[in-house]
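Student: could you look at this predicted model? Sequence included:
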Amino acid sequence: MAQEPIRVIVAMDYSDEIMEMLRGVSPRLHIERHYPTVPDSAWAEAEVLYTLRSFPDPAQAPRLRWIQLHTAGVDHAIHQPIIRAEDVDVTTSSGVHAVHMGEYCLMMMMAFAYKLPEMLQLQSRAEWPRDQHKRFAPRELRGQTLGIIGYGAVGREVARQANALGMTVLATKRDLKHLTDSDSYAEPGTGDPEGTIPARIYPAEALASMVSECDFVVAIVPQIQGAPPIVNEHVLSHMKKNAVFINVARGGVVDEAALISALAARKIAGAALDVFTEEPLSAGSPLWNLDNVIISPYISGNNAHYHDKTAALFAENLRRYMEKQPLLNRLDRIRGY
């Protein structure tokens, strides 16, 4: 007896090649691309939705059972009633950003270790320093300690890359009872699925203790709606004077005023910031004028092959859905990520 088709909406500008790859997962899948708008007739029949910002009201999509988000974060979607519907599974694209976000973090660590901002300042003035060998003696990354705030998919890949360079890795994790990570997506050969790389994993409450040991601190933790900043004045006061802070999480996980104060007073050596409390970052922000800060415009998670990476994750989850296996990257509605 023929099985019912599974109707899938892709509310994304995926290429024809990606659409054909997705349809190749199973002949039961009836996949339609509707972008930028989804007609009511498609909502009414849909069982699966792939989307960034297109969401139906629950009454529009009575057959919907699973939403795959195009992003790792859910802060843009968490207020949607369909996301909160208990009979609809929601999965994220966590893990597809891991490799390039890890490389972004390494780039920033190397930029500070080798004093790249100072080199660029000299170049802009066409100035050749007389004391260049002393001035630019690098702090090689090998042997230095990296602290990772949030040991999820991206944090585990940052750990793998840093470990390969001979760094000591420390991390914080909210749930210390489950150090393995079999429910999240990772590209083959990446990450730290068994949680064995860090020399020590701290509970979230011990963040100040962890940062006191670190030469570099990277924030890659989800921002929970309504929660106070994790990196606050107390945590910053425990960082080494020569330490560098890197934020690729969300602006709200850091007390920005306290960070500006610590940077301006040279209580920490520097910061590389990709996310901010206000985006775009205001032209009047003091961060622009601090010479120990590198600013990037929220691009650490961007990648030239982002569509291909998210499609590979979606295809894997489609296979799992067809075979009634657990989906990867399921949203925990209580935690909010």
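Tutor: It's in.
Student: not counting sequence-adjacent ones, nearest residue to residue 60?
Tutor: In space, and not counting its chain neighbours, residue 60 is closest to residue 43: 4.4 Å by CB to CB, 6 or more residues apart in numbering. From N, CA and C alone the C-beta is placed, and that goes for glycine too.
Student: burial measure for the one you found, as a count.
Tutor: Other residues within reach of residue 43, judged by other CB atoms under 10 Å, total 21.
Student: which stretch of helix or strand covers it?
Tutor: Assigned by DSSP states H and E, residue 43 belongs to helix 40-45.
Student: which strands or helices does the helix or strand that contains residue 159 pack on?
Tutor: Residue 159 belongs to helix 153-164 when assigned by DSSP H and E. Judged by 3 or more CB pairs under 8 Å, 6 or more residues apart in numbering; DSSP states H and E, helix 153-164 is in contact with helix 98-113, strand 145-149, strand 168-173.
Student: now the second one: mean pLDDT?
Tutor: Mean pLDDT, strand 145-149: 98.
Student: and it with strand 168-173, angle?
Tutor: In terms of direction (axes from the mean of the first three to the mean of the last three CA atoms, to 10 degrees), strand 145-149 departs from strand 168-173 by 10 degrees.
Student: again with the first one
Tutor: Orientation check (the same axes, to 10 degrees): helix 98-113 against strand 168-173 gives 120 degrees.
Student: helix 98-113: how far from the chain's middle?
Tutor: Distance, stretch centre to chain centre, for helix 98-113: 13 Å (CA atoms, centre = their mean, to the nearest Å).
Student: ditto for the last one
Tutor: With CA atoms, centre = their mean as the basis, strand 168-173 stands 16 Å off its chain's centre.
Student: and the contacts of it?
Tutor: Strand 168-173 has contacts (CB atoms under 8 Å, 6 or more residues apart in numbering) with 143-151, 155, 159, 162-163, 179, 197-204, 206-207, 210, 213-214, 221.
Student: where do the helices sit along the chain?
Tutor: 16-23, 40-45, 98-113, 116-124, 132-135, 153-164, 207-211, 233-237, 256-264, 306-322 (DSSP state H).
Student: turn those into a markdown table, including distance to residue 284.
Tutor: Shown next, in a markdown table, are the helices of the chain (distance: least, CB to CB, whole Å):
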| stretch | distance to residue 284 |
| --- | --- |
| helix 16-23 | 42 |
| helix 40-45 | 44 |
| helix 98-113 | 24 |
| helix 116-124 | 21 |
| helix 132-135 | 32 |
| helix 153-164 | 31 |
| helix 207-211 | 29 |
| helix 233-237 | 22 |
| helix 256-264 | 12 |
| helix 306-322 | 32 |
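Student: return the most buried member of those.
Tutor: helix 153-164 (a mean of 24; mean count of other CB atoms under 10 Å).
Student: need the CA coordinates for that helix. CSV is fine.
Tutor: Taking Å, rounded to 0.1, in the frame of the first residue of the first chain, the C-alpha atoms of helix 153-164 are listed here in CSV:
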residue,chain,number,x,y,z
ALA,A,153,28.7,22.8,18.8
VAL,A,154,30.8,25.9,18.0
GLY,A,155,32.7,25.8,21.3
ARG,A,156,33.7,22.2,20.7
GLU,A,157,35.1,23.0,17.3
VAL,A,158,37.0,26.0,18.7
ALA,A,159,38.4,23.6,21.2
ARG,A,160,39.5,21.1,18.5
GLN,A,161,41.2,23.9,16.5
ALA,A,162,42.9,25.4,19.5
ASN,A,163,44.0,22.0,20.8
ALA,A,164,45.6,21.3,17.4
